[in-house]
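Q: Need a 3D model of the following:
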Amino acid sequence: MVSQEQRRRQLAREKFLRQQQRRTSARRKARVRNSVIASVLGVILIGSVALYTTDALKGDDSKENASSEVTPSASASAAAEDPCEKPAGGEVKKLSYDKEPELTVDKSATYTMDLQTTCGDISIAMDASKAPHTVNSFDFLVGKGYLDHTKCHRLTTAGIYVLQCGDPEGTGMGGPGYTIPDENLKDERLKGDTYPAGTVAMANQYNAQTDEGRDSGGSQFFLVYQDSQLPANYTPFGTISDSGMEVLKKIADAGENSGMGDGAPNATVVIDKATVAKS
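A: Here you go, the predicted structure:
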């Protein structure tokens, strides 16, 4: 017999898949509309790619994402106390690039990305041997200050359990102007379509229903704070330190602002400074 909690999680995952399909359809219609406008006006429209995974990992908190089918999680409360500090002074850099940076990462070396956030430091050991394009991209972007002062814009507390970061716009629609290939999708950690707690993976535009959107990762990534059932479609490239997991737990415990298990974190999660070190 299916328990109430299992049914709640099933409904949450089904909601995420429906949202993904709606978003993909909306993006397709928008591309067609923009092409028509461009042809009429004789203007070439250049837009940044919207970087997101299933809508469980996307940062648009519009009303259409709400559904009475999903029971609010116990931790999801708009009135939750903010456990984090005020962001450091500074502004997000508006950076965009025409193409992926040259692949210069040392595949035999160890790279660590440290996120100094308002909620505490999160250290991520990145696997350059298994995800060289992804690690190389973050080494490049972080070196340019791309992540500094950016918000972690989405927290999901039902169905899957992730914090999503890496969007300079803070909306779930931002990116660096280029995309990178999917990597490491056969990692042993992903057996059983589960991303284990402590995994860091890339958001993307992949739609399993149409098999469209491969190799569409940009700068957005998600940090898994509890084992999450997801198909192996999102590049796993890092592992969170034990102390970083404690920070994530604090953020997750504060809940998200929709009360539906998927919204902006109640905690003020801002990456004050990001660094990447090679060893």
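
Q: Going by C-alpha atoms from here, please, whenever you check contacts or count neighbours.
A: Fine.

Q: Which strands and helices lie in contact with the longest strand seen in the chain?
A: Among the elements of the chain assigned as strand by DSSP state E, the one spanning the most residues is strand 270-278. Packing contacts for strand 270-278, counted by 3 or more C-alpha pairs under 8 Å, 6 or more residues apart in numbering; DSSP states H and E, involve strand 111-117, helix 132-143, strand 150-151.

Q: for that strand, the distance to its chain's centre please.
A: 16 Å (C-alpha atoms, centre = their mean, to the nearest Å).

Q: how many neighbours does the nearest residue to Y225 once chain neighbours are set aside have?
A: Closest residue to Y225 apart from its sequence neighbours, by C-alpha to C-alpha, 6 or more residues apart in numbering: A197 at 4.9 Å. Each residue near A197 was counted by other C-alpha atoms under 10 Å, and the total is 17.

Q: Can you verify my assumption that A197 contacts V224?
A: Yes - A contact is recorded between A197 and V224 when judged using C-alpha atoms under 8 Å, the distance being 5.1 Å.

Q: mind listing what V135 touches?
A: Residues in contact with V135 (C-alpha atoms under 8 Å, 6 or more residues apart in numbering) are 105, 111, 126-128, 237.

Q: ok, A264 to P181 distance?
A: 28 Å (C-alpha to C-alpha, to the nearest Å).

Q: Those two: who's more crowded?
A: Set side by side, A264 and P181 show unequal neighbour counts under other C-alpha under 10 Å, the larger going to A264 at 26 against 16.

Q: Can you add pLDDT and give the contacts of V135 back as TSV?
A: Converted to TSV, those look like this (pLDDT from 0 to 100):
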residue	pLDDT
V105	98
Y111	98
M126	98
D127	97
A128	98
F237	98
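
Q: what's the distance between the residue nearest to Y225 and E102?
A: As judged by C-alpha to C-alpha, A197 and E102 stand 31 Å apart.

Q: ditto for M245
A: Counting by C-alpha to C-alpha, the separation of M245 from E102 is 32 Å.

Q: of the two, who's got more company?
A: Set side by side, M245 and E102 give different neighbour counts by other C-alpha under 10 Å, the larger being at M245 (21 against 10).

Q: pretty sure that one is touching G198, no?
A: Yes - checked against C-alpha under 8 Å, the pair M245 and G198 is within contact range at 6.8 Å.

Q: which neighbours do those two share?
A: Shared contacts of M245 and G198, defined by C-alpha under 8 Å, 6+ apart, are found at Y225.

Q: follow-up on the earlier one: what lines up beside the longest strand of the chain in the sheet?
A: If you go by DSSP bridges, strand 270-278 pairs up with strand 111-117 (antiparallel), strand 150-151 (antiparallel).

Q: out of these, which comes closest to G166?
A: Smallest distance to G166 across these (C-alpha to C-alpha): 7.0 Å, for strand 150-151.

Q: what distance separates the helix or strand following that closest one from the centre of its chain?
A: Once strand 150-151 ends, the next helix or strand along the chain (criterion: DSSP states H and E) is strand 154-156. Shown here is strand 154-156, whose average C-alpha point lies 9 Å from the average C-alpha point of the whole chain (C-alpha atoms, centre = their mean).

Q: Next secondary structure after strand 154-156?
A: Past strand 154-156, heading to the C-terminal end, the next element that is a helix or strand (DSSP H and E) is strand 162-165.
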